[in-house]
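Undergrad: 3D, please:
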Amino acid sequence: MKLRAPLTIVGTLGFALFVGACVVTDGDGDGDSDGASGAPGSGGTSGTGGASGSSGSAGAAGSAGNAGSGGMAGAAIDGGAGQGGADAGPIVPIPPGYTRAVTLYHGSEALLVGGDGSSGDSPGAAIQREGYAATSFAVSDDGATIWVTIRNEFVAPEDQWEVWSVRADGSDPQRSPMTFESPGSYPAGVAVRTNETGTVAIVTAPHAVGAPGLPDRGYTFKIASDRGAPFSKIASTDDMMPAPSLGLAQPIYPKMTEDGQSLLFNTGPSIWRMSQSGGWVPFEVGRKADLRFNGNAPPSNVRFQDLDISANGGQWMTTIEFRDTETHEVVLTGMSIPSTTFEAVETDKFPLGRVQIDDAGETVAYTYGGPSLGDVRSYVGEQGGVVREILTDLDGVADVALSGNGQLIHCLNKPSSFATVHTSFFENAQSGAGRVKAHSNFFGGRGISGGEMDDAGSVMAALVDIDTSPLFFGGLWVVHPQVSIAGSPDITSVSYRYDDTDDSLVVRVTVEPASGDEVKNVVLRPLKDRYVDPSVFVPAAENPFFFARQGQTLNALDGEPGAYEAVLDLDGKRSFIDGSYSLRVAVQSGPAGAGGYRAAFVDFHPMN
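TA: Next comes the predicted model:
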């Protein structure tokens, strides 16, 4: 799959060159209506099962598996077993003849930035700023806070940009005032980064440098010392000696260390670091000029692309191309001063530029895109060691996000970097086990761009398409695997029965929205192998849920508040329903008279 060759460095700076891929660990345990123990994750302990409910009361919640490798407790819809937390409340009765569903997986979501919330067709958001779209974001390492920059290009330049922070459950949004030197210029270059606790943020904002007719690009660095605090300038590329040449469109991929005391960035020919202790004066930590591959220097017209760092910034990762042979040797580079261990990857693929390294500098992830549309491949694995390709049933993985602990990955399954996703999913980084669909489709159904997770993999955020075009990613979405966030709708029961008379599967759900909210949509989505709609690759003649492809709406039942039901036509294909099929119940909710910006979902297997 790959050929590795040694690299040598010349010059006074020693830095290591790493090759790798992504590692993830997830372990969701099944529960039952009595709160059965959850299965352990890879290396994680089993979650203890909740006790059986009695006299209408739910069993106690099961405890979570240990976090070392992502072991999760079993989760039952009504039995009270879950990822820790409070008692599940009274058991909701199910009708005679129905089977109570066993939860395979559950989660909740929120749209943090989106539409104006004026209608059910346009989802609202935690940050209500009509006409503004998210452009960059950062998830705190503890998963509690998300910072985001938003822009409205149709207002006066001085009003175009805003910087906000919000809790990961969508609560407590706060704006931090910031002045942009060139607010109408280079919107793609604005980026925000934050520290472990989300209490410090740095924004890098491009500005015009040089002749007005053909200006170069420079960057200003500004810091906010707390949520809601104003930003103040700490550095500028104009003050660097010599000032880097960044052209008209060169991003610098800033990354903040976990303690919030340092920032690394990439000017193309060099990787730089600056720290509070050093007065925020940038200094080089890696130079393209010092790099040699098989005795060859990089071409003069290529640059380092992208950047990611370990928790303390002692290791970094980027990409560069060597075009002096018939193949494009893409070198994934990393650094750990004073290490001089070098490694490279030789491939006939072009880099998409997306690379990631975990907090410890041990696990890496990267993506290649080939010369033909749809040729995308992503890899995860040990830095400097064995990597694996992330395989799917159709097309490839066009992007992968890595949790800070290197245990979980989030993957976008789609034919190219610009196409609409087939699905997005989580899985164990090391083994690929535990693959499960990541989202409800309410907020990221048309398109998802990239993603970023916290250290534990308990929060994943991404830019999503909230417009009609799959190329516009103006919303900011967050999903919480195996967690029900405050304000999300509560799916209180799921049950089902097979009707042999009309060859159908009847699914019944009861839902309670949060106080002040109302249910907007209840949808049933079929899944194959837990992660993708079966219609993506299963022939129609063998797909028992073909008529429910891309989702089937559950209708409210008259006279039964909070109850919904759907009848799935199996079309004579019930015999195909085996353990590889599951169903996801997804519920969207929001304030009355406005769009829905929260969601919850549960997966179950309709035992045949």
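Undergrad: centre of the chain versus stretch 600-608, how much separation?
TA: 23 Å (C-alpha atoms, centre = their mean, to the nearest Å).
Undergrad: what comes up buried for that stretch?
TA: By neighbour count with 16 or more other C-beta atoms under 10 Å, stretch 600-608 contains the buried residues 600-606. For every residue, glycine as well, the C-beta is placed using N, CA and C.
Undergrad: then stretch 528-540?
TA: In stretch 528-540, counting by 16+ other C-beta under 10 Å, buried: 528-536, 538.
Undergrad: so where do the strands sit in the stretch 251-400 of the chain?
TA: Ranges of strands within the stretch 251-400 of the chain are 255-256, 262-266, 270-275, 283-287, 291-293, 305-309, 316-322, 329-334, 350-357, 363-369, 376-382, 387-389, 396-402, based on DSSP state E, counting those that start in this stretch.
Undergrad: likewise for the stretch 451-600 of the chain?
TA: 460-464, 475-481, 490-499, 504-512, 517-528, 552-553, 555-556, 563-569, 581-591, 598-604.
Undergrad: between strand 563-569 and the fourth one, find me the angle.
TA: Right, strand 504-512. 160 degrees (axes from the mean of the first three to the mean of the last three C-alpha atoms, to 10 degrees).
Undergrad: can you give me the offset of strand 504-512 from its chain's centre?
TA: Using C-alpha atoms, centre = their mean, the offset of strand 504-512 from its chain centre is 29 Å.
Undergrad: partner strands of that strand, parallel or antiparallel?
TA: strand 490-499 (antiparallel), strand 563-569 (antiparallel) (DSSP bridges).
Undergrad: rewinding a little: out of the strands of the stretch 251-400 of the chain, deepest packed?
TA: Mean neighbour count (mean count of other C-beta atoms under 10 Å) peaks for strand 363-369 among those, with a mean of 27.
Undergrad: span of stretch 247-260 from start to end?
TA: Taking C-alpha to C-alpha, to the nearest Å, stretch 247-260 runs 29 Å from one end to the other.
Undergrad: check which residues of that stretch are buried.
TA: Buried residues in stretch 247-260 (16+ other C-beta under 10 Å): 250-260.
Undergrad: P299: which of the buried residues of stretch 600-608 is nearest?
TA: F601 (48.1 Å; C-beta to C-beta).
Undergrad: for the residue minimising distance to the centre of the chain, give its distance to E258.
TA: By C-alpha atoms, centre = their mean, the chain has its centre lying nearest to G451, at 3.3 Å. For G451, the distance to E258 equals 19 Å [C-beta to C-beta, to the nearest Å].
Undergrad: low-confidence ranges, the stretch 401-550 of the chain, go.
TA: 416-419, 444-446, 467-472 (pLDDT under 70).
Undergrad: surely M453 touches S140?
TA: No. No contact is recorded between M453 and S140 when judged using C-beta atoms under 8 Å, the distance being 11.0 Å.
Undergrad: between those two, who's got more neighbours?
TA: Between M453 and S140, counted using other C-beta atoms under 10 Å, the more crowded position is M453 (28 against 25).
Undergrad: partners of that one in the sheet?
TA: M460.
Undergrad: A188 belongs to a helix, doesn't it?
TA: Yes. Under DSSP: H, G, I helix; E, B strand; the rest coil, A188 falls within a helix.
Undergrad: list the contacts for it?
TA: Shown in contact with A188 (C-beta atoms under 8 Å, 6 or more residues apart in numbering): 135, 249, 251.
Undergrad: 10 Å instead, please
TA: 135-136, 206, 249-251 (C-beta atoms under 10 Å, 6 or more residues apart in numbering).
Undergrad: ok, it to T135 distance?
TA: For A188 relative to T135 (C-beta to C-beta), the value is 8 Å.
Undergrad: swap in P298?
TA: Counting by C-beta to C-beta, the gap from P298 to T135 is 30 Å.
Undergrad: and what of A401?
TA: The spacing between A401 and T135, counted by C-beta to C-beta, is 18 Å.
Undergrad: what of A249?
TA: Counting by C-beta to C-beta, the gap from A249 to T135 is 15 Å.
Undergrad: got it, and S424?
TA: For S424 relative to T135 (C-beta to C-beta), the value is 20 Å.
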